[in-house]
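>>> predicted model follows, preceded by the sequence.
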Amino acid sequence: MMVLSSLRPDASIVEYLEHRARAESLRGLVARSLLALAFVMGGLGPIPVGKPVVISLAFTYFCYAVWGLLDRARSHSRNGRSRSRVGFLTVLCAFFVWLGVLSGIGFLMSLGFMLLGAPWIL
């Protein structure tokens, strides 16, 4: 199945995610971040199996949505020429990117441990 995209054919996954987050509406990004946060909080509840998988995947999605919101705020702040605000938002964007990458790695590890049957000790 081929997906039509405005990106070039050899675009990486990072470029694709950036494009999707920047094309998403503000209301959609807020809804996605709240939904992901609800899944993170729900994952902390009484889920018997796969709790680390649910929490880490939801937190990765939460970081993606928050990065989209911060990137949009950063691009609007550049128009107002507030250098300190742009710098602060740039640092926050980088923080959520790395937090999302780390939680994505945690998702892959927890999924592997769950599928391979290794004990997951928190």
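Yes, it's here.

>>> give me the buried stretch members for the helix or strand hosting Phe113, please.
Secondary structure from DSSP states H and E places Phe113 in helix 83-116. For helix 83-116, the neighbour count (16 or more other Cβ atoms under 10 Å) marks 86, 89, 92-93, 96-97, 99-100, 103-104, 106-107, 110 as buried. To be clear about C-beta, it is placed using only N, CA and C from the backbone, and glycine gets the same treatment.

>>> so where's this protein uncertain?
1-9, 47-48, 80-81, 118-122 (pLDDT under 70).

>>> quick one: the helices in it?
Listed in chain order, the helices of the chain (DSSP state H) span 13-23, 26-43, 51-80, 83-116.

>>> residues in contact with stretch 71-87?
18, 21-22, 26, 29, 89-90, 93 (Cβ atoms under 8 Å, 6 or more residues apart in numbering).

>>> what is the nearest of those residues to Thr60?
For Thr60, the closest of the contacts of stretch 71-87 turns out to be Ala21, at 13.1 Å, with distances computed as Cβ to Cβ.

>>> the closest one contacts Trp67, doesn't it?
Yes. Ala21 lies in contact with Trp67 (Cβ atoms under 8 Å); the separation is 6.5 Å.

>>> which of the two has more neighbours?
The residue with more neighbours, out of Ala21 and Trp67, is Trp67; 23 against 20, by other Cβ atoms under 10 Å.

>>> from Pro46, how far out is the nearest residue to the more buried one once chain neighbours are set aside?
Excluding the flanking residues, the one nearest Trp67 by Cβ to Cβ, 6 or more residues apart in numbering is Phe96, at 4.5 Å. Phe96 is 29 Å from Pro46, where distance means Cβ to Cβ, to the nearest Å.

>>> what's the answer for Ser75, then?
Computed with Cβ to Cβ, the distance linking Ser75 and Pro46 is 41 Å.

>>> what angle do the helix holding Phe113 and helix 51-80 make?
In this structure, helix 83-116 runs at an angle of 160 degrees to helix 51-80, with axes from the mean of the first three to the mean of the last three Cα atoms, to 10 degrees as the basis.
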